[in-house]
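> After the sequence you'll find the predicted model.
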Amino acid sequence: MSDILSNAGSALAGGDQLRAAVYQNRIWSRQGISERLFAFFFSGLVYPQIWEYPAIDIEAMALSSDHRVASIASGGCNILAYLTRQPAQIEAVDLNRTHIALNRLKLAAVTHLPAHSDVIRFFGKTNQNHNSKAYDRFLAPHLDAATRAYWERRNWLGKRRIELFDGNIYRAGLLGWFISTVHLLARVHGVDPAEIMQSRCLREQRHFFNERLAPLFERPLVRWMTDRQASLFGLGIPPAQYDALLMAADDRTMASVLRRRLEKLACHFPLRDNYFARQAFGRSYEAPQGAAVPAYLDPAHYEVIRAGAARVTLRNMNLADLLARKSDASMDRYVLLDAQDWMSDAQLNALWVQITRTAAPGARVIFRTAGEASILPGRVAGPVLSQWDYRHDESARFSRRDRSAIYGGFHLYVKKDA
């Protein structure tokens, strides 16, 4: 575990890399101001949990025990889920220092809390006022100084950050605030989104969406708010990705895009089987016994995840820079989440040059996009992209089964034989 929690200085370094990834326009341009506002909001806690479905990732990657994985960390649920397949190594990076601290905390929890029931209380339940005490006793001694400093920093009320876990961590952070705001906006219009949790089948879920949720997107206030780029910063959507989302809409309005994504979340999968929907509507992972939960909260996966935690390394850096340190043909799997939607053509090509150089035979790359189509054709240089086989039909099938419903497309690329 000491290897996991090393490199504290680089892990919680400044936000220069984040700004470099987001800033693409002049500071006083409309887009430039929007990009800088987004970078400011994105520098803190954004995702207490990921909004990519790791089961799809694992299947698309055909992940196995001999694979070396390079991944963006985000909220860390994905990294922990990958450990269920016991890959040889996972090297995770993130430009957000807070996400690195959260990942270190989750790894420490699955390794050092006394039992899996304690992990569930810490990350799967709400209003557990002894979680901060469990942190002091079982986790803090195993964390590096920078990560401890982050979680033990006090706010203006004198409360430490770690005390967020005594209440509901999923109401915190940018995404938590965004979901709370959406719930409030819906209630102002006479709708409580949490009532969908009373549905007993897909037909009842569909009825609730059609009768209660869908009409909200026709309300003038909702349409006015969603037409502003800053309104979606709470989803971690930067200005460039906002524009890509608009391209996916027939009428070029964000309200119609969000309506279609919410419809998939609310109607396409039973609530019992979709923990993303339970978080969005019910604000919690708590559910009847046997309901789907993230892999690290499932007792069936506890021992294998705990045993594999030492195979994870975390760094606060750019993925292309990590790969630049690697030797040729040294990596097997790459998880890019939706990061490419942020990138300029120069950044995109720099990344894929490194991916292609470091990819072992048969390597696989997975990523998601705000729009439905892959963003690589026409942007990544032909000599680089021609070395990869885009699995169009498989990608479409994986996209349909992706339960988080936020993204327009899931994409799988496989390295061609030399």
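Yep, that arrived.
> Report all helices and strands that the longest strand seen in the chain contacts.
For the chain, the strand reaching the highest residue count under DSSP state E is reported as strand 359-369. Applying 3 or more CB pairs under 8 Å, 6 or more residues apart in numbering; DSSP states H and E, we find strand 359-369 packed against helix 54-61, strand 331-335, strand 409-415. Yep, even glycine has a C-beta here, placed from its N, CA and C like the rest.
> if you set the cut-off to 10 Å instead, what comes out?
Contacts defined by 3 or more CB pairs under 10 Å, 6 or more residues apart in numbering; DSSP states H and E place strand 359-369 against helix 54-61, strand 68-72, helix 239-247, strand 331-335, helix 345-358, strand 388-390, helix 392-401, strand 409-415.
> Quick one: distance of it to the chain centre.
18 Å (CA atoms, centre = their mean, to the nearest Å).
> Check stretch 158-176 too.
For stretch 158-176, the distance to the chain centre is 18 Å (CA atoms, centre = their mean).
> how about that stretch: buried residues?
For stretch 158-176, a neighbour-count test (16 or more other CB atoms under 10 Å) marks 161-166, 168-176 as buried.
> Who are the contact partners of the residue nearest to the spatial centre of the chain?
Centrality entry for the chain: nearest residue to the mean C-alpha point is Ile50, 3.2 Å, by CA atoms, centre = their mean. By CB atoms under 10 Å, 6 or more residues apart in numbering, the contact set of Ile50 is 57, 72-81, 99, 276, 294, 337, 404.
> rewinding a little: which residues are contacting whatever helix or strand comes next after the longest strand of the chain?
Per DSSP states H and E, the first helix or strand lying C-terminal to strand 359-369 is helix 382-385. For helix 382-385, contacts defined as CB under 10 Å, 6+ apart pick out 349, 352-353, 355-357, 374, 376-379, 413.
> Can you give me the distance of Ala320 to Met197?
Distance, Ala320 to Met197, by CB to CB, to the nearest Å: 42 Å.
> what bits of the stretch 1-150 of the chain have low per-residue confidence?
Regions of the stretch 1-150 of the chain meeting the criterion pLDDT under 70 cover residues 1-43.
> redo that, cut-off 80
For the stretch 1-150 of the chain, the stretches flagged by pLDDT under 80 are 1-44.
> Would you state the helices of it in chain order?
Taking DSSP state H, counting those that start in this stretch, the helices of the stretch 1-150 of the chain run over residues 8-11, 16-22, 30-42, 54-61, 77-82, 97-112, 116-123, 131-134, 145-152.
> coming back round to it: farthest pair in the buried residues of stretch 158-176?
Put simply, by CB to CB the two of the buried residues of stretch 158-176 set farthest apart are Asp166 and Leu174, 20.2 Å from each other.
> Which elements pack onto the host helix or strand of Val257?
Counting by DSSP H and E, the element that carries Val257 is helix 254-267. Counting contacts by 3+ CB pairs under 10 Å, 6+ apart, helix 254-267 is packed against helix 202-208, helix 220-226, helix 239-247, helix 275-282.
> Convert the first one to CSV, retaining C-alpha atoms only.
Coordinates of each C-alpha in helix 202-208 appear next as CSV, following Å, rounded to 0.1, in the frame of the first residue of the first chain:
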residue,chain,number,x,y,z
LEU,A,202,-40.1,-0.3,-16.3
ARG,A,203,-43.7,0.6,-17.4
GLU,A,204,-44.2,2.7,-14.2
GLN,A,205,-40.8,4.3,-14.7
ARG,A,206,-41.8,5.2,-18.3
HIS,A,207,-45.1,6.6,-17.1
PHE,A,208,-43.4,8.8,-14.5
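> All set, thanks.
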